[in-house]
Structures are given as C-alpha cells and as structure tokens.
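S.K.: please work out how this folds:
(one chain, ligands or ions: 2)
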Amino acid sequence: EVKACLFDLDGVLVDTAKYHYIAWKELANDLGFQFTEQDNERLKGVSRVASLNILLEIGGLSFTEEEKEKLAEKKNNRYVEYISTMDSSEILPGSLDFLKDCRAHGIKVALGSASKNAMMILNNTGLTSYFDAIIDGTHTSVAKPDPEVFLLGAKALETAPEHCVVFEDAEAGIEAAIRAGMVSVGIGSPETLAAANVVIPSLQQMNVARLRESFASV
Ligand code: G6P
Ligand code: MG
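M.R.: Ligands and ions are numbered 1, 2, ... in the order given. Next comes the predicted model:
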C-alpha cells in the first residue's frame, strides 16, 4: 500500500532546473569552457559542491577549496537572483492537482530536495503548506545518490520506506530512492531515468488512482 509520496523539488514540482543550468553555464563560460544541456544532466539532483566538482572536471580545471567556495557562491548568487522573482506560475503542470489529490486520499507528502534554497522556492511559489515534512539540503550531510534525504523524509512521516514512492527527474535521485528501499516515478525521459519503476513526462499524467494501480504490490 502506498502511504507516502516524497518529492524532489527542482525539475519535478517547479521549473528551476533551467535556472540551475543557466547559472552553471554562465560560470563555465566565465571560466572559458562550454557547458551543454547534456553535461547538465550529470548535475541534476547533485549537491552544489558536488555539481561544481563535476563542472570543473568537464572543463579540465582544478582549484583550491577556497577558490571553489568562491565559485560556488558566485553560481548561487546568480541562481538566487533568478529564483527570487519566482511565483506560482512556475509550478510545473499537474503538480498542484497531484499534491491535493495525495492529501485528499490521506497519502502523506514530504519534500526530499538537495537544495539549500528549497524554502525560498516553496514560499515564493506558495507550495509550503502542501507538505507534512520538508527535508532539504540544510538537513542532509550527504548528497543523492546517497539515500539520506529520502530516509529522513520517511522517518519524518513515520512511514516505512517500502510504503514510500519517490518522484524524481534526476538519475542520482532515482538511485537514491532505490538505495532507500523505495519505489520511484521518473519525471522526464525514459532513457535517462531507465532505473525508475515508472517514467512519465510530467505530473500531469499522475493521480492517486494511477499511483495505486502502478504500485499495487507495494
Ligand atoms: C537540486 C538540483 C541540483 C542542485 C541541488 C543543490 O537537487 O537538482 O541541480 O545543485 O539541488 O541546490 P542549491 O540550491 O542548494 O544549490
Ligand atoms: Mg530534480
């Protein structure tokens, strides 16, 4: 029985993945190399520090820890500028209806995001009140694909992992769900998210009836 849904934020509930991409791309260009949308797939779901390390590896550059801190800060300042003007129009299609449907059917709802900016995004878009628990990058010590963020979410909801469904747009996030002992729904392309139990283009294709049908054995 599905008892709880754990949602990634960026790229699942809100359209922030594009802002992360633009901000990282600008940093790469500042440093003198190209950064493509395909490169960006590797950064989705990954923490800020881990993302910077991957980006620098792509550019073939190395910096001291102190320099890296400055670079991460530069990226984040740009990113925060983009998200500071967000409003409910940037909630991805189908998200609100599905969150409401979950609540109406007594399915608990948690956020499981790597982002340290999650609260700002939830507040700006008016999503905060839909969650029974919020776990973000300020609560975790290790990034996805480590399962920590989802295990903390399940714990906060007092629900066993085997009754939780994770919604994710990132490969690292699906891996984290698997490692947490949870089933998952990939939001995006079936090629990137092949490890998910179910893949749909967006939450528009999901409701509680379909969820229960897909995970009847959970
Ligand atoms: C999400 C995004 C990643 C991002 C991470 C950290 O998981 O998918 O692209 O790097 O959060 O976000 P932050 O807002 O803390 O830099
Ligand atoms: Mg994501």
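S.K.: gap between Ile83 and Ile22?
M.R.: 11 Å (C-beta to C-beta, to the nearest Å). The way it works is simple: take the backbone N, C-alpha and C, and place the C-beta from them, glycine included.
S.K.: of these two, who's got more company?
M.R.: It is Ile83, of Ile83 and Ile22, that has more neighbours when counted by other C-beta atoms under 10 Å, with 20 against 14.
S.K.: Met120 is in contact with the more buried one, correct?
M.R.: Yes - with contact defined as C-beta atoms under 8 Å, Ile83 counts as touching Met120 (6.4 Å).
S.K.: worst-scoring helix or strand of this structure, pLDDT-wise?
M.R.: The weakest-scoring helix or strand in the chain, judged by mean pLDDT, DSSP states H and E, is helix 37-41 (a mean of 93).
S.K.: report the contact partners of the closest residue in space to Glu41 that isn't next to it in sequence.
M.R.: Sequence neighbours aside, Thr192 is the residue nearest to Glu41 in space, at 6.2 Å (criterion: C-beta to C-beta, 6 or more residues apart in numbering). Applying C-beta atoms under 8 Å, 6 or more residues apart in numbering to Thr192 gives the contacts 41, 171, 186.
S.K.: now the phi/psi pair for Thr192, please.
M.R.: Thr192 has phi and psi values of phi -70, psi -30 when expressed as degrees, to the nearest 10.
S.K.: okay, it: pLDDT?
M.R.: Here, the pLDDT recorded for Thr192 equals 89.
S.K.: and it, how far from ligand 2?
M.R.: Thr192 sits 12 Å away from ligand 2, going by C-beta to the ion, to the nearest Å.
S.K.: residues from this structure in reach of ligand 2?
M.R.: Residues of the chain lying near ligand 2 by C-beta under 5 Å from the ion: 8, 10-11, 45, 169-170.
S.K.: on that earlier part again, pull the residues that contact the least confident helix or strand of the chain.
M.R.: Residues from elsewhere that reach helix 37-41 (C-beta under 8 Å, 6+ apart): 20-21, 24-25, 55, 58, 170-171, 192.
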